[in-house]
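> sequence first, then the predicted structure:
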There are 2 protein chains.
Amino acid sequence: MTTFTERLWGVSRSKRSLVCVGLDPDPDLMAVPDVLEFNKAIIDATRDLVCAYKPNVAFYEALGRPGLDALAGTVAYAHSVAPDVIVLGDAKRGDIASTNKMYARALFEVWGFDATTVNGYCGGEALEPFFEYEDRGSFVLCRTSNPGATEIQDRELSEENPPVLYYQYIATRAREWNARDNVGLVAGATYPEDLGAVRARCPGMPMLVPGVGSQSGDLGASVRLGLDADAFNLLVSSSRGIIYASRDPKDFADAARKATGNLRDEINRILEQEGRHWSEN
Amino acid sequence: MTTFTERLWGVSRSKRSLVCVGLDPDPDLMAVPDVLEFNKAIIDATRDLVCAYKPNVAFYEALGRPGLDALAGTVAYAHSVAPDVIVLGDAKRGDIASTNKMYARALFEVWGFDATTVNGYCGGEALEPFFEYEDRGSFVLCRTSNPGATEIQDRELSEENPPVLYYQYIATRAREWNARDNVGLVAGATYPEDLGAVRARCPGMPMLVPGVGSQSGDLGASVRLGLDADAFNLLVSSSRGIIYASRDPKDFADAARKATGNLRDEINRILEQEGRHWSEN
């Protein structure tokens, strides 16, 4: 059986792309008012350039039931026109095991996502219902991209020797939880050195990197420090910088394609500079 | 203006109850198959005995769109027949601020919850969009009730003096975040001593206590250690022990009423033993 991590790498390689496009519909910013129509246009314009789409479920939930209908339509559309591309439902769920069983069912069975993001605060025992979906990926929140992340994530743990920061400890635990080659990490491009620390602790695991584009993360450093030794195991996610590249109904899809292509090319140039080639694996 | 914490205490006092009934519909356990019908019967049977209902949104999401319709109906019904009772959407959301803005909108505006549960991993800056809803409560996950909670939550932080455990640090931060008297804590009855450590750090803040009933938390110790100095500021939540007390369509509502009354009375006996009286405030 192909594991989730192998599948993700297979898509990346066939597309020669580490780009994940975030589908975060905001009525104040969308070029056309209908969410599903908007997403379909973005998907049509970008599907040969990406390895993943990442709908952030919060944006759909905020729109009420019409938003959830649009999410269902978006997942179905992506699966139908781009069946190889990973659809990652960015949900950051995390509760005790009996509740996570329900969240995993919702995300993987009801919504049909190939992968999701999870919060590890309740520990590996609680996350097991996610991990038990062997062919689906669960990306554990490790180092988030926001300015206030350090308040919680940079606390130093004395019991580790040498002492480690909290997000580093989470990375170490996530590696332990990865019994089925289907656990990944989330580490933001706004803290590239920390992203590197996560990578060092988690060889062989895919890393989802938000924060490039409108959050001004450092793309070059993030790619260099986040690259894995063998497969690249990296997913660079951009939302606002791509889907709102133009807010004109006449050219927003073209602008999204251009922004996606630019991001892919820029990443591929960095790979080349690092002496890494798509044909190497 | 009445703050959220004051409102919660007002409901508790008028009902002489610290009981929160968890509405976690599981088709394998419900006495009747229709979720909304089931919840309405539970609400009708218990609404004079409780200060809060706590639908766990995972259970509704797992049922797909019919589940979400039932959730909408449940919230509307609870607000209509028990307008004073708090409806707490147990969602454990937590992401960066721009996403939390959408989650808060979904939970407080779309679903119409009076309160929710949040995950603080991204820090107070990220949670601010929840806290900005001044009249709504946000309960920060502190000490969860599951067996594996210690893996993450009991790590010792060296930079604090004296050293503290991670969940204690979260409690301290939550107190800092509580600028509008609308932030609470979640601390499970399965770790009553730890719940006491949270209380010691967070005077004046409401605490949601899951884990009594089927999770076998220690009710007596949890109430004693969780009680606040002035208002009681405690919400003791039971789900499976109440709503599945009977699985017979003929008497499940009566059984739920009986189990709710028993829990309320048992808590009130513990309060009396502690020399605390509903009339004191």
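Good, I have the coordinates.
> what's near enough to touch the closest residue in space to A:Phe139 that isn't next to it in sequence?
Distances taken as CB to CB, 6 or more residues apart in numbering or on different chains place A:Gly184 nearest to A:Phe139, at 3.9 Å, with adjacent residues excluded. All C-beta spots, glycine's among them, are computed from the backbone N, C-alpha and C. The contact partners of A:Gly184, by CB atoms under 8 Å, 6 or more residues apart in numbering or on different chains, come to A:5, A:115, A:137-140, A:205-208, A:235.
> find the helix or strand that A:Ser12 is a member of.
Assigned by DSSP states H and E, A:Ser12 belongs to helix A:4-15.
> next one: that helix to chain centre, how far?
Per CA atoms, centre = their mean, to the nearest Å, the displacement of helix A:4-15 from the mean C-alpha position of its chain is 14 Å.
> again, but for stretch A:31-39
The answer for stretch A:31-39 is 22 Å, by CA atoms, centre = their mean.
> same deal with stretch A:27-38?
On CA atoms, centre = their mean, the centre of stretch A:27-38 falls 22 Å from that of its chain.
> what residues sit buried inside that stretch?
By neighbour count with 16 or more other CB atoms under 10 Å in any protein chain shown, stretch A:27-38 contains the buried residues A:30-31, A:35-36, A:38.
> out of those residues, which is nearest to chain B?
A:Val35 (12.9 Å; CB to the nearest CB).
> tell me the pLDDT of that closest one.
For A:Val35, the pLDDT comes out at 98.
> how about the secondary structure of the closest residue to it other than its chain neighbours?
Spatial nearest neighbour of A:Val35, excluding adjacent residues (CB to CB, 6+ apart): A:Ala70 at 3.7 Å. Following DSSP: H, G, I helix; E, B strand; the rest coil, A:Ala70 is assigned to helix.
> and the helix or strand where A:Ala41 lies, what does it pack onto?
Using DSSP H and E, A:Ala41 falls within helix A:35-46. Helix A:35-46 is packed against strand A:19-23, helix A:64-81, helix A:240-243, helix A:252-273, with contacts defined by 3 or more CB pairs under 8 Å, 6 or more residues apart in numbering or on different chains; DSSP states H and E.
> so who does the closest residue in space to A:Glu274 that isn't next to it in sequence touch?
Distances taken as CB to CB, 6+ apart put A:Arg224 closest to A:Glu274, at 6.0 Å, once the chain neighbours are dropped. Neighbouring residues of A:Arg224 by CB under 8 Å, 6+ apart: A:192, A:270, A:274.
> before we move on, what about A:Ala149?
Here A:Ala149 is in contact with A:143, A:188, A:191, B:122-123, B:126 (CB under 8 Å, 6+ apart).
> quick one: which of the residues you listed is most hemmed in?
Within the contacts of A:Ala149, most neighbours by other CB atoms under 10 Å in any protein chain shown means A:Arg143, with 30 neighbours.
> do you know how far the nearest residue to A:Ala31 once chain neighbours are set aside is from chain B?
Excluding the flanking residues, the one nearest A:Ala31 by CB to CB, 6+ apart is A:Phe252, at 3.6 Å. Between A:Phe252 and chain B the computed distance is 20 Å (CB to the nearest CB, to the nearest Å).
> what's the answer for A:Val164, then?
Applying CB to the nearest CB to A:Val164 and chain B gives a distance of 9 Å.
> how much space separates that residue from A:Val198?
11 Å (CB to CB, to the nearest Å).
> show me which of these two is the more surrounded one.
Neighbour count, other CB under 10 Å: between A:Val164 and A:Val198, A:Val198 has more, with 27 against 19.
> show me what contacts the more buried one?
A:142-143, A:167-168, A:171, A:185, A:187, A:207.
> if you rank those by neighbours, which is first?
A:Ala187 (33 neighbours).
> which residues belonging to stretch A:35-48 are considered buried?
Result for stretch A:35-48 [16+ other CB under 10 Å]: buried residues A:35-36, A:38-43, A:45-47.
> now stretch A:56-69
A:56-64, A:67-68.
> farthest pair within those residues?
A:Asn56 and A:Gly64 (15.8 Å; CB to CB).
> can you give me the neighbour number for the residue lying closest to A:Gly188 once chain neighbours are set aside?
Among residues not flanking A:Gly188 along the chain, A:Ser145 sits closest, at 2.7 Å (CB to CB, 6+ apart). When neighbours are counted by other CB under 10 Å, A:Ser145 registers 22.
> follow-up on the earlier one: between the contacts of A:Gly184, which is closest to chain B?
Nearest to chain B among the contacts of A:Gly184, with distances taken as CB to the nearest CB, is A:Val140, at 10.6 Å.
> and the pLDDT at the residue nearest to A:Phe139?
In this model, A:Gly184 carries a pLDDT of 98.
> in three-state terms, label it for me.
Quick answer, by three-state DSSP: A:Gly184 is strand.
> can you show me the strands along the stretch 51-200 of chain A?
A:52-55, A:86-93, A:115-118, A:137-143, A:156-157, A:164-165, A:183-187 (DSSP state E, counting those that start in this stretch).
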